[in-house]
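S.K.: I would like to see how this sequence folds:
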Amino acid sequence: MANNKHLSLSDRITIESMLEKHHTFKEIGSFLDKDPTTISKEIRSRFVTLRTGGRYIQYNNCQLRFSCSKKHLCHPCHSSRKFKLCRNCSMCNAFCDEFIPDTCPKHSKPPYICNGCGKRYTCSLENICTSLKMPTPGTVHFFQNPAPAFPSQKKKSNT
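M.R.: Here you go, the predicted model:
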């Protein structure tokens, strides 16, 4: 493996395109002649959390989002579309007293992101993506407080 300290822009574009094609960190690393840990660190340092929902689906990360029948939690409805059921509105997470947060299980294992996921555009949960075209890495785009995106990593102490 090469001992280069930095990845070039073309390396990052290659990583992104290979992630879209479901390649592993090991496959990407061997293609770029880099260590798989370098690929993992690059992805973890350049992610963006999007709380936007999917196509025709509002952001809603409640575990009860498919079975909930609550109506008019925020009266008058804050949504410009005036939904009949609160589960269709992205504001219901803030107003509902039965809200139970839900996270995608794919965010806790490699590649830790939604790039290449078949449900990426129809998912109502947080989308964690890596893209060179997106704004500041590590930011959350929506009105709620950010949740931990990745499992914490314990650093080895030299004691």
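S.K.: ok, and the closest non-adjacent residue to K70?
M.R.: In space, and not counting its chain neighbours, K70 is closest to C86: 4.8 Å by CB to CB, 6 or more residues apart in numbering. C-beta here means a position set from N, CA and C on the backbone, and glycine is covered the same way.
S.K.: Could you report the pLDDT at the one you found?
M.R.: pLDDT for C86: 78.
S.K.: Within the helices and strands, which one has the residue nearest the centre of the chain?
M.R.: Nearest residue to the geometric centre of the chain (CA atoms, centre = their mean): I128, 1.6 Å. Under the criterion of DSSP states H and E, I128 resides in strand 127-130.
S.K.: Relative to that strand, what are the paired strands and their orientations?
M.R.: With DSSP bridges as the test, strand 127-130 is paired with strand 47-50 (antiparallel).
S.K.: downstream neighbour of the partner strand in the secondary structure list?
M.R.: With elements assigned by DSSP H and E, the helix or strand that comes after strand 47-50 is helix 92-95.
S.K.: Show residues contacting that next one.
M.R.: Outside helix 92-95, the residues that touch it by CB atoms under 8 Å, 6 or more residues apart in numbering are 60-62, 68, 70, 73-74, 86, 99, 144.
S.K.: just how off-centre is the strand holding I128 within its chain?
M.R.: Offset of strand 127-130 from its chain centre (CA atoms, centre = their mean, to the nearest Å): 4 Å.
S.K.: Could the C-alpha coordinates of it be exported in PDB?
M.R.: C-alpha atoms of strand 127-130 as PDB (Å, rounded to 0.1, in the frame of the first residue of the first chain):
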ATOM      1  CA  ASN A 127     -29.900  10.100   4.900                       C
ATOM      2  CA  ILE A 128     -26.200  10.000   5.600                       C
ATOM      3  CA  CYS A 129     -24.300  10.700   2.400                       C
ATOM      4  CA  THR A 130     -20.900  11.500   1.200                       C
END
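S.K.: Now it: average pLDDT?
M.R.: 81.
S.K.: what's in contact with that strand?
M.R.: With contacts defined as CB under 8 Å, 6+ apart, strand 127-130 is touched by 15-16, 19, 43, 46-52, 107, 112-115, 120, 149.
S.K.: Scan this protein for its longest helix.
M.R.: helix 9-20 (DSSP state H).
S.K.: from the contacts of helix 92-95, which single one is nearest T37?
M.R.: N61 (30.0 Å; CB to CB).
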